[in-house]
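Visitor: What follows is a predicted protein model with its sequence.
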Amino acid sequence: MIDIHGAQAALDQVVADWNHAGSTWNAAALAATYTGDGLLFGGRPGHFVGRAAIEGYFASYDGVILAGAMRMSGTELRVLAEGCVLAQGTVDFAFTLAGAEQTRSTLRATLVLRREAGRWLIADHHFSPTPAAPPLGKD
């Protein structure tokens, strides 16, 4: 069973792999950082299930995002089972957009990582903005 240090190494490897693929906004390489049955709630409406759908999600930004990188912080890690890690915290994104515009965003982040064929991959990805107030159903 991996310990918390192994869980941190798993997260570090996944973030490095994602950032490598994001450095040229390569939709296929970004999707390859997810399991074949991966789940993604990202920055567009809908739930993207499976690597092909996840690749389509990333490809939907072609020509808009030229490069992207993420940094996780304030992360709590839990080893859920052998070969399965939960990471929850904050993700800071830096994007280079068409026209060389540089943007940054900070979101809440939950990732479930699964070890497959000797690599850690993202099995479940949910990033969302932090609400300004509790969502109690009142405007």
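Guide: Good, I have the coordinates. Numbers count the residues shown, from 1 in each chain.
Visitor: How far does the longest strand along the chain sit from its chain's centre?
Guide: Longest strand of the chain, by residue count under DSSP state E: strand 65-81. The chain centre lies 6 Å from the centre of strand 65-81; the measure is C-alpha atoms, centre = their mean, to the nearest Å.
Visitor: so where's the protein shaky on pLDDT?
Guide: 139 (pLDDT under 70).
Visitor: C-terminal to the longest strand of the chain, which secondary structure element comes first?
Guide: Sequence-wise, the next helix or strand downstream of strand 65-81 (DSSP states H and E) is strand 84-97.
Visitor: Please name the nearest non-neighbouring residue to the residue most central in space within the chain.
Guide: Taking C-alpha atoms, centre = their mean, the centroid of the chain lies closest to residue 125, which sits 5.4 Å from it. The shortest distance from residue 125 to any non-neighbouring residue, by C-beta to C-beta, 6 or more residues apart in numbering, is to residue 40 (4.6 Å). For glycine as for every other residue, the C-beta is placed from the backbone atoms N, C-alpha and C.
Visitor: Can you show me the strands along this protein?
Guide: 34-41, 48-49, 65-81, 84-97, 102-116, 119-128.
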